[in-house]
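Participant: this is a predicted model, with the sequence first.
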Amino acid sequence: MVMQKAFIGQKIIFLECIDSTNNYTAKVFKSGAIDSGTVILTDIQTNGRGQREKEWHSDAFANLLASIAADLNQWKIRDIISLNHIVALALHQFLSKYTPNVKIKWPNDIMINGKKVAGILIETQMTSSQRKSVIGFGVNINQTSFDAIRATSLCLETSKNYQPKSLIFEVIDALNFFINEYQTKGEKYLYDLYNNQLWMRDKEHIFVINGIEKKGSIISTSTEGYLLVNLQGEQRKFANGEVSY
């Protein structure tokens, strides 16, 4: 049996309250105060962020909120799309241990039974020699009330309560597993796994493009990270922010 390399989780720093785990991690990672693979975990996030500067609201002490320092050169990960596949697949695997019908919603959400349970925010600092990222994610664990209509939690889906902080070890194991899978089996292998778990793939759905609703179905994502959609017989590709569904 080949021993897997542990890229993440050698050090876990717990902060009871922080404005944003991503902001804090980026700052201390840039300063050299933490190493790649360090996990920053909090119970309370006062100014959480999602994709495209959207706010991420989370009840105090109810959810799993974390960021991870990632050196892509050290981990030999070629691009951010592959890193996104690794994180999405890890969260998918972690949640699938507790409940069925878990899917990945392009580009950065995890769904259970058609409702959002987790979000991913990867932010990258690139220089000519360095490729450092901060992997941020929030997973709704015990929260039962949401402003958004299409949201859920592990508690709502399983009718059980959990200890959110203790679940970080399962997520770390899943992340390390998929980084090892990437290094041993390659990008294409993870790309195919990611596409196989796409929410609403090959199913008719309403897509909103420039404020106009159109019926279509998701074909897959491209290797460059675009969403490929069949809109009334025409294949279109969309970047993040160009379509909602």
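Facilitator: Okay, I see it.
Participant: assign a three-state SS to Gly61, would you?
Facilitator: Not Gly; residue 61 is Phe. What DSSP: H, G, I helix; E, B strand; the rest coil gives for Phe61 is coil.
Participant: what of His57?
Facilitator: His57 is classified as coil under three-state DSSP.
Participant: tell me the contacts of it?
Facilitator: His57 makes contacts with 48, 147, as judged by CB atoms under 8 Å, 6 or more residues apart in numbering. In this view, the C-beta of every residue, glycine as well, is placed from N, C-alpha and C.
Participant: state the distance from it to Asp109.
Facilitator: As judged by CB to CB, to the nearest Å, His57 and Asp109 stand 15 Å apart.
Participant: check the offset of the helix or strand of the chain with the lowest mean pLDDT from the chain's centre.
Facilitator: Least confident helix or strand of the chain, by mean pLDDT, DSSP states H and E, is strand 115-126 with a mean of 94. Computed by CA atoms, centre = their mean, to the nearest Å, the chain-centroid distance of strand 115-126 equals 5 Å.
Participant: what do you get for stretch 142-153?
Facilitator: Relative to its chain's centre, stretch 142-153 lies at 17 Å (CA atoms, centre = their mean).
Participant: run through the strands of this structure in chain order.
Facilitator: 12-18, 39-45, 64-71, 102-105, 109-112, 115-126, 131-139, 204-209, 212-221, 227-231, 234-238 (DSSP state E).
Participant: single out the most deeply packed of the ones you listed.
Facilitator: Highest mean neighbour count among the strands of the chain (mean count of other CB atoms under 10 Å): strand 64-71, with a mean of 26.
Participant: now for that one, which elements pack on it?
Facilitator: Under the contact criterion of 3 or more CB pairs under 8 Å, 6 or more residues apart in numbering; DSSP states H and E, strand 64-71 touches helix 21-31, strand 39-45, strand 131-139, helix 168-185.
Participant: report pLDDT for the residue nearest to Phe14 when sequence neighbours are not counted.
Facilitator: Excluding the flanking residues, the one nearest Phe14 by CB to CB, 6 or more residues apart in numbering is Leu41, at 5.0 Å. On the pLDDT scale, Leu41 is placed at 97.
Participant: quick one: Leu41 and Glu213, what's the gap?
Facilitator: In terms of CB to CB, Leu41 sits 40 Å off from Glu213.
Participant: before we move on, back to that, now do the least confident helix or strand of the chain: which elements does it pack against?
Facilitator: helix 21-31, helix 80-96, strand 109-112, strand 131-139.
Participant: pull the CA atoms of the longest one into PDB?
Facilitator: This file holds the C-alpha atoms of helix 80-96, laid out as PDB (Å, rounded to 0.1, in the frame of the first residue of the first chain):
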ATOM      1  CA  ILE A  80      -6.300  27.200 -10.400                       C
ATOM      2  CA  ILE A  81      -8.900  25.100 -12.300                       C
ATOM      3  CA  SER A  82      -7.200  21.900 -11.100                       C
ATOM      4  CA  LEU A  83      -7.100  23.300  -7.500                       C
ATOM      5  CA  ASN A  84     -10.800  24.100  -7.800                       C
ATOM      6  CA  HIS A  85     -11.500  20.500  -8.900                       C
ATOM      7  CA  ILE A  86      -9.500  19.100  -6.000                       C
ATOM      8  CA  VAL A  87     -11.400  21.300  -3.400                       C
ATOM      9  CA  ALA A  88     -14.900  20.700  -4.900                       C
ATOM     10  CA  LEU A  89     -14.300  16.900  -5.100                       C
ATOM     11  CA  ALA A  90     -13.000  16.800  -1.500                       C
ATOM     12  CA  LEU A  91     -16.100  18.600  -0.200                       C
ATOM     13  CA  HIS A  92     -18.300  16.400  -2.300                       C
ATOM     14  CA  GLN A  93     -16.700  13.300  -0.900                       C
ATOM     15  CA  PHE A  94     -16.900  14.500   2.700                       C
ATOM     16  CA  LEU A  95     -20.600  15.400   2.500                       C
ATOM     17  CA  SER A  96     -21.500  12.200   0.600                       C
END
